[in-house]
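Engineer: give me coordinates for this.
(2 chains)
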2 protein chains.
Amino acid sequence: MTDTLDLNGLCSRLLKAEGILLLCHKNPDGDTLGSAAALYWALKKLGKQRVAVLCADLIPARYDYMAIERFSGQFEPGYIVAIDVASIQLFGDAISQYTQRVDLCIDHHASNSGYADELYLDPSAAATAEIIYELVCKMGVELDERLADCLYTGISTDTGCFQFSNTTARTHEIAARLIEAGARMGELNTILFETKSRARLAIESIALSHLEYHFDDRCALIYMTREQIESTGVEASDLEGVTSLPRQIEGVQVGVTLRQQPSGSYKISVRTLPGVNACAICTRLGGGGHAMAAGCELMGGLDNAKQAILAEVERELCKES
Amino acid sequence: MTDTLDLNGLCSRLLKAEGILLLCHKNPDGDTLGSAAALYWALKKLGKQRVAVLCADLIPARYDYMAIERFSGQFEPGYIVAIDVASIQLFGDAISQYTQRVDLCIDHHASNSGYADELYLDPSAAATAEIIYELVCKMGVELDERLADCLYTGISTDTGCFQFSNTTARTHEIAARLIEAGARMGELNTILFETKSRARLAIESIALSHLEYHFDDRCALIYMTREQIESTGVEASDLEGVTSLPRQIEGVQVGVTLRQQPSGSYKISVRTLPGVNACAICTRLGGGGHAMAAGCELMGGLDNAKQAILAEVERELCKES
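Structural biologist: Predicted coordinates:
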């Protein structure tokens, strides 16, 4: 199994290493990319020649400001480091030649499977970028604007811009230091949080056009047929985001979203407020999840799926009131 | 004119005062209410018997956790303090008997008109709640969970949950202290940022159903007729929020929103990205505003209003490219 490191150990491994390849997870988000980019630029500032970042998927254009140099075989990797990657499946097949032996993993997911030779894990960190901030300071690298931008990106995206309950006092303290170091928080937040794709807006519009309320408006339900989803060309991540909509409506305790799958079945997402158990609702239909976010999948047509899920929602709401 | 105070002066005035009436601005937001409530609870902790909060409008139910005691004439006000109120017009007529002589104003709006006898103004504060935090510490009051909740509410609502560019390193430092003191940030943010009214969602759905793109998709336009607005029963503040939608679409540099007024004319809101001057667009049609947010009002039907504003948008976009 994996050996765990403390911050001193982590620091000495990286200072010693040569030919460092930093690996991100597939479907890269702001934390895996911002953390890897910050570590890349910090190692460059320390005079390392051979450092690069690699991700199985393309890096979305909105992160261009990180100026990530993507690995293209320009050196023989001597030390392979996974950044924010909780399990080996999350690397993606396209980079499997480098994921057979991962020397070090730096992560904040409590669920980390321990696939790397050595692991630095801090589940109390809201983002891996919080760990990289500590590491960069420990390595004696002075923050500059680009480093601050990369770290701010990781922290703000993993906390929904300091909105989610994983945000701690420490998270805010690091944000303060990054703003002092020149992080362009206003511009970054416009890029990261105020921009929606046309496809996302189109599918939201369709979903809202057949919004239904049930059980004295305590439950709101939206659905999207396969035809509607395909007509907008919406990406999976955008579609996932739509599932938070019905629960956001004032007075609604249970938000239900039905998405038709290519097979014709309906994938159902249930989001609840504290006091209503989303997991109990979905478990009775063969699914599962967390107390406030759960899911299941039902065969048959839209009406059958709606009836089945609404019956379970009603059962749970009766329990609560 | 008004005399300006420093923090020591502010502190000594409040420690000395008796029968303190704290006034909020009309259409109260999280900052005026959170700041007034925090000061109320701090003064109570100092042993003051006669303190109360007054606002011309009802306090929205979502702020119930502040447990604000609304003034109902239970004592003769001896010292009247305006909290986060930039000008005398913003009090609202319903409380005009108390706004003729305001002893002290605590504010962060650079535009404060100086109507009060004495003024403590800090335009570098992202929220008046930042000032109240300093004041509470200066008065020697220990933060508790309720105080922290009230102050966190003021700071998070005035910064869009730390997203807007008025957020500073100091803002984050204060947030860290408030979370340490027990601010329930996860729960508060769900109430403050993740909840939309049914009417807001309904008008968004209508507006998005006739979203138009112009000038190689660099401009997005939505409109709402009077009939549509009234059918949803949407409140003014919610309607204002809808104007940010079209500019949020990926690739869009100019977002235009047309809202029909009761008179039949169209109120037009223009929101832009840096590089496109919203004010220039609206000024040429008799309106005005800021570089990235401006407005104007046009008589005549929808088609006329659209034609006129799109012609000016095109002119500005040609200049830019």
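Engineer: now for A:Ala169: which residues touch it?
Structural biologist: Applying Cβ atoms under 8 Å, 6 or more residues apart in numbering or on different chains, we find A:Ala169 in contact with B:175-177, B:179-180. In short, each C-beta sits where N, CA and C put it, glycine included.
Engineer: the host helix or strand of A:Leu258 and chain B in contact?
Structural biologist: Using DSSP states H and E, A:Leu258 sits within strand A:254-260. No: shown here: strand A:254-260 not in contact with chain B (Cβ under 8 Å from any Cβ of the partner chain), separated by at least 10.7 Å.
Engineer: go on, stretch A:283-299?
Structural biologist: No: judged by Cβ under 8 Å from any Cβ, stretch A:283-299 makes no contact with chain B; its nearest approach is 9.9 Å.
Engineer: tell me which residues of that stretch come out buried.
Structural biologist: Within stretch A:283-299, the residues that qualify as buried by neighbour count (16 or more other Cβ atoms under 10 Å in any protein chain shown) are A:285, A:287, A:289, A:292-298.
Engineer: mind checking which of these are in strands?
Structural biologist: A:289, A:293-298 (DSSP state E).
Engineer: check A:Gly92 and give its pLDDT.
Structural biologist: Note for A:Gly92: predicted pLDDT of 92.
Engineer: element containing A:Cys282, please.
Structural biologist: If you go by DSSP H and E, A:Cys282 is part of helix A:278-283.
Engineer: from the chain's centre, how far out does the strand holding A:Leu258 sit?
Structural biologist: Centre-to-centre, strand A:254-260 and its host chain are 21 Å apart (Cα atoms, centre = their mean, to the nearest Å).
Engineer: parallel or antiparallel, list what pairs with the following helix or strand past that strand.
Structural biologist: Using DSSP H and E, the helix or strand that follows strand A:254-260 in sequence is strand A:266-272. Strand A:266-272 pairs in its sheet with strand A:254-260 (antiparallel), strand A:293-298 (antiparallel), by DSSP bridges.
Engineer: put the alpha carbons of strand A:266-272 into PDB.
Structural biologist: The C-alpha trace of strand A:266-272 is given here as PDB (Å, rounded to 0.1, in the frame of the first residue of the first chain):
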ATOM      1  CA  TYR A 266     -34.700   7.800 -17.300                       C
ATOM      2  CA  LYS A 267     -31.800   8.900 -15.000                       C
ATOM      3  CA  ILE A 268     -33.300  10.600 -12.000                       C
ATOM      4  CA  SER A 269     -31.500  13.100  -9.800                       C
ATOM      5  CA  VAL A 270     -33.000  14.000  -6.400                       C
ATOM      6  CA  ARG A 271     -31.800  17.100  -4.500                       C
ATOM      7  CA  THR A 272     -33.200  18.000  -1.000                       C
END
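Engineer: just to revisit the earlier point, could you dump the ones in strands among the buried residues of stretch A:283-299 to JSON lines with pLDDT?
Structural biologist: Converted to JSON lines, these look like this (pLDDT from 0 to 100):
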{"residue": "A:Gly289", "pLDDT": "82"}
{"residue": "A:Ala293", "pLDDT": "85"}
{"residue": "A:Ala294", "pLDDT": "89"}
{"residue": "A:Gly295", "pLDDT": "92"}
{"residue": "A:Cys296", "pLDDT": "95"}
{"residue": "A:Glu297", "pLDDT": "94"}
{"residue": "A:Leu298", "pLDDT": "95"}
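Engineer: quickly check the residues you listed for the two that are furthest apart.
Structural biologist: A:Ala293 and A:Leu298 (17.7 Å; Cβ to Cβ).
Engineer: residues touching A:Ala17, list them.
Structural biologist: A:78-79, A:103.
Engineer: tell me which of the strands paired with strand A:266-272 sits nearest to A:Ile222.
Structural biologist: So among the strands paired with strand A:266-272, strand A:254-260 is nearest, using Cβ to Cβ, at 5.4 Å.
Engineer: before we move on, the earlier item: possible to save the strands paired with strand A:266-272 as JSON lines with distance to A:Gln74?
Structural biologist: Below are these laid out as JSON lines (distance: least, Cβ to Cβ, whole Å):
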{"stretch": "strand A:254-260", "distance to A:Gln74": "42"}
{"stretch": "strand A:293-298", "distance to A:Gln74": "42"}
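Engineer: of all these, which lies closest to A:Thr195?
Structural biologist: Between A:Thr195 and these, the shortest gap by Cβ to Cβ is with strand A:254-260, which sits at 22.0 Å.
Engineer: now that closest one: average pLDDT?
Structural biologist: In this model, strand A:254-260 carries a mean pLDDT of 97.
Engineer: buried residues in it, which are they?
Structural biologist: Applying 16+ other Cβ under 10 Å to strand A:254-260 flags A:254-260 as buried.
Engineer: quick check, A:Cys178 in contact with A:Arg146.
Structural biologist: Residue A:178: Leu, not Cys. No: using Cβ atoms under 8 Å, A:Leu178 is not in contact with A:Arg146; the gap is 11.4 Å.
Engineer: tell me which of those two has more neighbours.
Structural biologist: Using other Cβ atoms under 10 Å in any protein chain shown as the criterion, A:Leu178 and A:Arg146 rank with A:Leu178 on top: 26 against 19.
Engineer: quick check: the gap between the more buried one and B:Val234.
Structural biologist: According to Cβ to Cβ, to the nearest Å, A:Leu178 and B:Val234 sit 38 Å apart.
Engineer: which parts of the stretch 1-150 of chain A are helices?
Structural biologist: Along the stretch 1-150 of chain A, counting by DSSP state H, counting those that start in this stretch, helices occupy A:7-16, A:30-45, A:128-138, A:145-158.
Engineer: who's in contact with A:Ala291?
Structural biologist: Contacts here follow Cβ under 8 Å, 6+ apart; on that basis A:Ala291 touches A:272, A:274, A:277-279.
Engineer: now flag whichever of the residues you listed is closest to chain B.
Structural biologist: The closest of the contacts of A:Ala291 to chain B turns out to be A:Pro274 (Cβ to the nearest Cβ; 8.0 Å).
Engineer: for that closest one, give me phi and psi.
Structural biologist: phi -50, psi 140 (degrees, to the nearest 10).
Engineer: I'd say it and A:Met292 touch.
Structural biologist: Yes: contact criterion Cβ under 8 Å: A:Pro274 and A:Met292 qualify, at 6.9 Å.
Engineer: wondering if the least confident helix or strand in chain A by mean pLDDT reaches chain B at all.
Structural biologist: Among the helices and strands of chain A, helix A:236-242 carries the lowest confidence by mean pLDDT, DSSP states H and E, at a mean of 82. No: using Cβ under 8 Å from any Cβ, we find that helix A:236-242 stays clear of chain B, coming within 10.4 Å at best.
Engineer: against which helices or strands is that helix packed?
Structural biologist: Contact here means 3 or more Cβ pairs under 8 Å, 6 or more residues apart in numbering or on different chains; DSSP states H and E; on that basis helix A:236-242 packs against helix A:198-209, strand A:219-224.
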